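Whatever this is, show me its structure:
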Amino acid sequence: MVLESGDTAWILISTALVILMTIPGVALFYGGLIRRENVLNTMFLSFVTFAIVSVLWFIYGYDLTFGADWGGIIGGLTNPFFNGVLESKSLATLAPTIPTGLYAIFQMTFAAITVALISGAIVERMKFAAWLAFVPIWLTLVYIPVAHWMWGGGFLAQLGALDFAGGIVVHLTSGIAALALVLTLGARKDSKLLPHHLGYSVMGAGLLWFGWFGFNAGSALSAGDLAVSAMIVTNTSAAVGMLGWMLMDKIKTGKPTMLGALSGAIAGLASITPAAGYVNVTAAIIIGFVASILAYTAVSSLKPRLGYDDALDVFGIHGVCGITGAIAIGIFASPLINSAAVTEGGILFGSFALMGSQIIAILVVAIYSFVLTFVIAKILDKVIGLRVEDHHEIQGLDINQHEESGYRLS
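Numbering: from 1, shown residues only. Purely as a prediction, here's the structure:
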């Protein structure tokens, strides 16, 4: 293969779009949903996560994820600090029409947003120092192995499991990790959701929706028919997810809400992510609608019933929708959309084998992410403590963790 300038340009743009999703997309979306006394701390979590992952990914993360497979578990560390890769001007093994460096930084953006998503569950009560320690440990012990299993030629890929753009690698791992982390941290002193500036969240959600085209359509790794297909089903699922959540709001409360509409759009985006390169528009409509209903139920019924304080519903939206989309692959995946990855297709095409592989991948990743995150959290809690002091939590983290305020104090 030779370098294709069109493919290279598209993945350069896609990389920038996914960076935009984390900073400022996630930062704004989360920042608007909490008390004003915590807005800077909440945004800071996304920015500092992006910085940490950006460095570690090129020191060892890319190699361990996409290096030569070691027993289906992890990649080999052959080029630490990305040594010699840029100088060689090589093409990416898994995307042979673009440079290796471009493929690496594109994948880095996925790692960064995965960790940043977790922060929405623990806002308003976790020590900033504890988060700084959590990010590199979780990246190394959870994200990198799971990404290798699914995308780097590991045992789940060998089993035949599919994940086009991160329903399992990104949304399931972050959603399950969020659940484990909040179970360790415990509930906030005031666990009501008190959005101080929905305008921030509207802008953040808009940037997420916009950036998601790089996330999903960019995962085609070329500027062709598959990228077009992924873009169309991504937008369709997001739109249906928004409308589905609005419908549930209307049925349950009598009035649709802006926050609900944003949540539904994110649910539709998260659920189509694993399936974006394998399904058609009809499937996208079904996936987006079902995901919005399931996520709404998880947020409005399951969370209050079980009593865990997932502040910004990372598990209820990302975890639930990651599972929904991964299962949908086993039903709707079509060889007509992507014959390179889908040979027999899903259940609608007469094959049950793919569904079996998807269920195994979901169970393995969910258990692994939960157990490892719980262990990491327990160790950090013993060593440095996870939670801020009670009076600091009540007063707000901006002033106590950073000596700053997002707004004038007078």
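
And the strand or helix carrying Ile176, what does it pack against?
Using DSSP states H and E, Ile176 sits in helix 173-185. Contacts defined by 3 or more CB pairs under 8 Å, 6 or more residues apart in numbering; DSSP states H and E place helix 173-185 against helix 100-122, helix 353-383. C-betas here are computed from N, CA, C, even on glycine.

residues of the last one that come out buried?
Think helix 353-383. 354-355, 357-358, 361-362, 364-366, 368-370, 372-374, 376-377, 380 (16 or more other CB atoms under 10 Å).

Need the residues that contact stretch 231-245.
209, 212-213, 216-217, 260-269, 271-273, 275-276, 279-281, 283-285, 287-289, 291-293, 295-296 (CB atoms under 8 Å, 6 or more residues apart in numbering).

Could you rerun that using 6 Å?
Contact with stretch 231-245 is made by 209, 212-213, 216-217, 260-261, 263-265, 267-269, 272, 276, 279, 281, 284-285, 287-289, 291-293, 296, as judged by CB atoms under 6 Å, 6 or more residues apart in numbering.

Ok, stretch 11-30 next?
Residues outside stretch 11-30 that contact it (CB under 6 Å, 6+ apart) are 42-43, 46-47, 50, 98, 102, 105-106, 109, 112-113, 116, 120, 200-201, 203-205, 207-208, 211, 214-215, 218, 312.

Among those, name the buried ones.
Buried members of the contacts of stretch 11-30, counted by 16+ other CB under 10 Å: 42-43, 46, 50, 98, 102, 105-106, 109, 112-113, 116, 120, 200-201, 203-205, 207-208, 211, 214-215, 218, 312.

mind checking the SS state of Gly72?
Three-state call for Gly72 (DSSP: H, G, I helix; E, B strand; the rest coil): coil.

now the strands for the stretch 201-350 of the chain?
Per DSSP state E, counting those that start in this stretch, the stretch 201-350 of the chain has no strands. Nothing in it meets that criterion.

Next up, the contacts around Asp63.
Going by CB under 6 Å, 6+ apart, Asp63 touches Gly75, Leu77, Thr78, Asn79.

let's go with 10 Å and repeat that
With contact set as CB atoms under 10 Å, 6 or more residues apart in numbering, Asp63 has these partners: 57, 74-83, 85, 104, 144, 152.

Narrow those residues to those in strands?
Cross-referencing those against strands under DSSP state E gives Ile74, Gly75.

of the contacts of Asp63, closest to Leu302?
Ile144 (29.9 Å; CB to CB).

any idea how far that closest one lies from Ile13?
26 Å (CB to CB, to the nearest Å).

out of those two, which sits in the more crowded spot?
Per other CB atoms under 10 Å, whichever of Ile144 and Ile13 has more neighbours is Ile144, with 24 against 15.

residues in contact with that one?
When the contact criterion is CB under 10 Å, 6+ apart, the partners of Ile144 are 56-57, 60-66, 74-75, 111, 138, 152.

Repeat the analysis, applying 7 Å as the threshold.
Going by CB atoms under 7 Å, 6 or more residues apart in numbering, Ile144 touches Gly61, Leu64, Thr65.

right, and Pro96 touches Glu4 too?
No. Using CB atoms under 7 Å, Pro96 is not in contact with Glu4; the gap is 9.3 Å.

re the thing from before, with neighbour count and distance to Gly316 as extra columns, can I get the contacts of Ile144 in TSV?
Listed next are the contacts of Ile144 as TSV, based on neighbours: other CB atoms under 10 Å; distance: CB to CB, whole Å:
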residue	neighbour count	distance to Gly316
Gly61	25	28
Leu64	21	31
Thr65	27	28
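
mind listing which of those residues are in helices?
Counting by DSSP state H, those place Leu64, Thr65 in helices.

ok, so of the contacts of Ile144, who is nearest Gly385?
Gly385 lies nearest to Gly61 out of the contacts of Ile144, by CB to CB, at 27.1 Å.

quick one: the closest one and Ala111 touch, right?
Yes. In this structure, Gly61 is within contact of Ala111 by CB under 7 Å, at 6.4 Å.

Quick check: neighbours shared by the two?
Leu139.

so who does Ile399 touch?
Here Ile399 is in contact with Ser405 (CB under 7 Å, 6+ apart).

what about it, which helix or strand?
helix 397-402.

That helix: how far from the chain's middle?
Counting by CA atoms, centre = their mean, to the nearest Å, helix 397-402 is centred 27 Å from the centre of its parent chain.

Flag every buried residue along it.
Under 16+ other CB under 10 Å, the buried positions of helix 397-402 are Leu397, Asp398, Ile399, Asn400, Gln401.

With stretch 270-290 instead?
Going by neighbour count (16+ other CB under 10 Å), the buried part of stretch 270-290 is 270-279, 283-290.

distance between the ends of it?
12 Å (CA to CA, to the nearest Å).

next one: stretch 163-179
One end of stretch 163-179 to the other measures 22 Å (CA to CA).

Check stretch 303-312 too.
11 Å.

Perfect, I'm done here.
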